[in-house]
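1. Have a look; sequence and predicted model below, questions after that.
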Amino acid sequence: QVQLVESGGGLGQAGGSLSVSCATSAHTLRTFAIAWFRKAPGKEQEFVAAINWRDSSTMYADSVKGRFTISRDNAKNTVTLQMNSLKAEDTAVYYCAAGTYSEEFLYYGYWGQGTQVAVSS
């Protein structure tokens with residue numbers, strides 16, 4: 001059974017930093033790519049970043065490239081999204097997902113419960 005538990009987030013200021021983490025199992029990290037998606041009120045779900053299990057290659061949405069960094073800690077079985085230079089438009093519920101390395105949410109079959117990130121301008 002694949003379990004994904006998000007933590008972190010909360011309230012940040014524009015220009016500041018926040019991080020969200022996804023805790024899972026070692027088996028999940030060795031088997032699936034892990035991605036972050038976000039859903040803002042009134043907007044479609046949006047891909048944010050992904051990290052591949054095979055070689056830790058990463059991909060980012062253009063909207064966060066250069067500001068966000070996804071990384072994994074195999075010792076702690078976690079994947080962290082470090083968010084710097086925050087913007088008000090980063091406000092959303094952030095979801096961790098496990099699946100096939102892609103920007104498309106349909107390739108991810110396992111999802112966490114989500115964690116809120118709010119950025120004040």
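-> Structure's in. What do you need?
2. burial count for residue 88?
-> Look at residue 88: counted by other CB atoms under 10 Å, it has 11 neighbours. Placement of C-beta: from N, CA and C, glycine included.
3. Please give me every residue in contact with it.
-> When contacts are counted by CB atoms under 8 Å, 6 or more residues apart in numbering, residue 88 touches 14, 119, 120, 121.
4. For residue 78, list the residues it contacts.
-> Residue 78 neighbours (CB under 8 Å, 6+ apart): 21, 22, 23, 24, 72.
5. 6 Å - rerun?
-> 21, 23 (CB atoms under 6 Å, 6 or more residues apart in numbering).
6. Among the contacts of residue 88, name the ones in strands.
-> 119, 120 (DSSP state E).
7. which of the contacts of residue 88 lies closest to residue 52?
-> Closest approach to residue 52 among these (CB to CB): residue 119, at 27.9 Å.
8. Now do the buried residues in the one helix or strand in the chain whose mean pLDDT sits lowest.
-> Among the helices and strands of the chain, helix 26-31 carries the lowest confidence by mean pLDDT, DSSP states H and E, at a mean of 94. Neighbour counts using 16 or more other CB atoms under 10 Å place 28, 29 of helix 26-31 among the buried residues.
9. swap in stretch 70-80?
-> Those buried within stretch 70-80 under the rule 16+ other CB under 10 Å are 70, 72, 77, 78, 79, 80.
10. what do you get for stretch 15-23?
-> Under 16+ other CB under 10 Å, the buried positions of stretch 15-23 are 18, 19, 20, 21, 22, 23.
11. need the contact list for the residue lying closest to the first one once chain neighbours are set aside.
-> Distances taken as CB to CB, 6 or more residues apart in numbering put residue 12 closest to residue 18, at 4.3 Å, once the chain neighbours are dropped. Applying CB under 6 Å, 6+ apart to residue 12 gives the contacts 18, 86, 119.
12. the strands in the chain, which residues?
-> 5-8, 10-13, 18-23, 33-39, 46-51, 58-60, 68-73, 78-83, 92-99, 108-111, 115-120.
13. most packed of the ones you listed?
-> strand 33-39 (a mean of 24; mean count of other CB atoms under 10 Å).
14. and it, which strands flank it?
-> strand 46-51 (antiparallel), strand 92-99 (antiparallel) (DSSP bridges).
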